[in-house]
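In: here is a sequence together with a model predicted from it:
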2 protein chains.
Amino acid sequence: MFRSSGAGIDPSRPVYVISVAAQLVAVHPRTLRIYEEAGLICPSRTETNIRLFSENDLRRILWIRHLTQDLGVNLAGIKLLFQLEERLGERILERLYEEGSKQGERERTAAHEGGRR
Amino acid sequence: MFRSSGAGIDPSRPVYVISVAAQLVAVHPRTLRIYEEAGLICPSRTETNIRLFSENDLRRILWIRHLTQDLGVNLAGIKLLFQLEERLGERILERLYEEGSKQGERERTAAHEGGRR
DNA sequence: GGTACTTGACAATGGTATTGATAGGGTTCT
DNA sequence: AGAACCCTATCAATACCATTGTCAAGTACC
């Protein structure tokens, strides 16, 4: 049962070069390089130094986008959150996501576009 | 029943008006009001609506200053961290503080075990 | 009554996030 | 080989955020 989402079954497998990855998450390639400089993502590299992003990388990037665009957190804050998550060894951010989503629904039952890509 | 002298035996007791509190933490009173608007602090009020800050409030403010000035986290990120701490019911931020302070002194102890409970 | 507090508004300064363009050079594919 | 993409690095424009500052009209405390 393989998903239609282009998933090559292994979400940690590096497959997308930066231009493709940037399109998939709808940001500028420049932005992805900035995220990497900030230590928020760490895409694989080919032997010739070309970045390759996995599905996990993309999910992490979408997380960053959610935190920056929807919640207004800056990159320093996100880095701290990621460090925290690593230290605690928990998916603390998922709770925040749920709560964040609930906050959005609370005011009105917005017709909310579930998964976009 | 008098608590012995003024040093603030009860850290939750609201005692400082905004001008004094601002001096104690070396910020502008305007900044403290902004923190309150952002939901980062919640000082007590007198019956006539005057803000009164406790020692705990001051400690929290110093925390905010550390996160913003030293780590570059913005208020949205701090709010998220505080919410997170509340949800988890732990002093997760203290670990970050220790790690933040250790950043200058580490390189020595390779093992980063630490007392996890 | 004078000093300090309240909220609210407006603004200046400096920093961040994002996108964009550019330059010089390497990689991949046809 | 050539086209198209990648690399790093730099400069810049836009828009927003954080902090400080002030000014106004109103209330509280001594």
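Out: Arrived safely, thanks for sending. Numbering: from 1, shown residues only, chains lettered A, B, ... in the order given.

In: thinking A:Arg45 is in contact with A:Arg51, fair?
Out: Yes - applying C-beta atoms under 8 Å, one finds A:Arg45 in contact with A:Arg51, separated by 6.0 Å. From N, CA and C alone the C-beta is placed, and that goes for glycine too.

In: between these two, tell me which one has more neighbours.
Out: Using other C-beta atoms under 10 Å in any protein chain shown, the more surrounded residue of A:Arg45 and A:Arg51 is A:Arg51, with 21 against 11.

In: around chain B, pick out the residues from chain A.
Out: A:67, A:71-74, A:76-78, A:80-81, A:83-84, A:87-88, A:92, A:95-96, A:99 (C-beta under 8 Å from any C-beta of the partner chain).

In: which of the residues you listed are buried?
Out: Among those, those classed as buried by 16 or more other C-beta atoms under 10 Å in any protein chain shown are A:67, A:71, A:73-74, A:76-78, A:80-81, A:84, A:87, A:92, A:96.

In: so for those residues, which is the shakiest by pLDDT?
Out: Least confident by pLDDT among those: that is A:Leu96, with 64.

In: also within reach of DNA strand C: list those from the residues of chain A next to chain B.
Out: A:Asn74, A:Ala76 (C-beta under 7 Å from any atom of the strand).

In: pull the residues that contact stretch A:34-44.
Out: The contact list for stretch A:34-44, computed with C-beta atoms under 8 Å, 6 or more residues apart in numbering or on different chains, reads A:14, A:18, A:21, A:32, A:51-54, A:57, A:60-61, A:64, A:75, A:78-79, A:82.

In: can you rerun that using 7 Å?
Out: If you take C-beta atoms under 7 Å, 6 or more residues apart in numbering or on different chains as the criterion, stretch A:34-44 is touched by A:Pro14, A:Arg51, A:Leu52, A:Phe53, A:Asp57, A:Arg60, A:Ile61, A:Ile64, A:Leu75, A:Ile78, A:Lys79, A:Phe82.

In: just the ones of the residues you listed in helices?
Out: Counting by DSSP state H, the part of the contacts of stretch A:34-44 found in helices is A:Asp57, A:Arg60, A:Ile61, A:Ile64, A:Leu75, A:Ile78, A:Lys79, A:Phe82.

In: quick one: contacts for the third one?
Out: Contact analysis of A:Ile61 by C-beta under 7 Å, 6+ apart lists A:Val25, A:Leu32, A:Tyr35, A:Ile41.

In: also the fifth one?
Out: Shown in contact with A:Leu75 (C-beta under 7 Å, 6+ apart): A:Ala38, A:Leu40.

In: and A:Gly89, what pLDDT?
Out: 76.

In: ok, now how distant is A:Arg60 from A:Ile18?
Out: 15 Å (C-beta to C-beta, to the nearest Å).

In: where does pLDDT dip in chain A?
Out: Residue ranges of chain A with pLDDT under 70: A:1-8, A:95-117.

In: can you give me the strands for it?
Out: A:44-45, A:51-52 (DSSP state E).

In: dump those to a markdown table, plus distance to B:Asp10.
Out: Conversion of the strands of chain A to a markdown table gives the following (distance: least, C-beta to C-beta, whole Å):
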| stretch | distance to B:Asp10 |
| --- | --- |
| strand A:44-45 | 55 |
| strand A:51-52 | 55 |
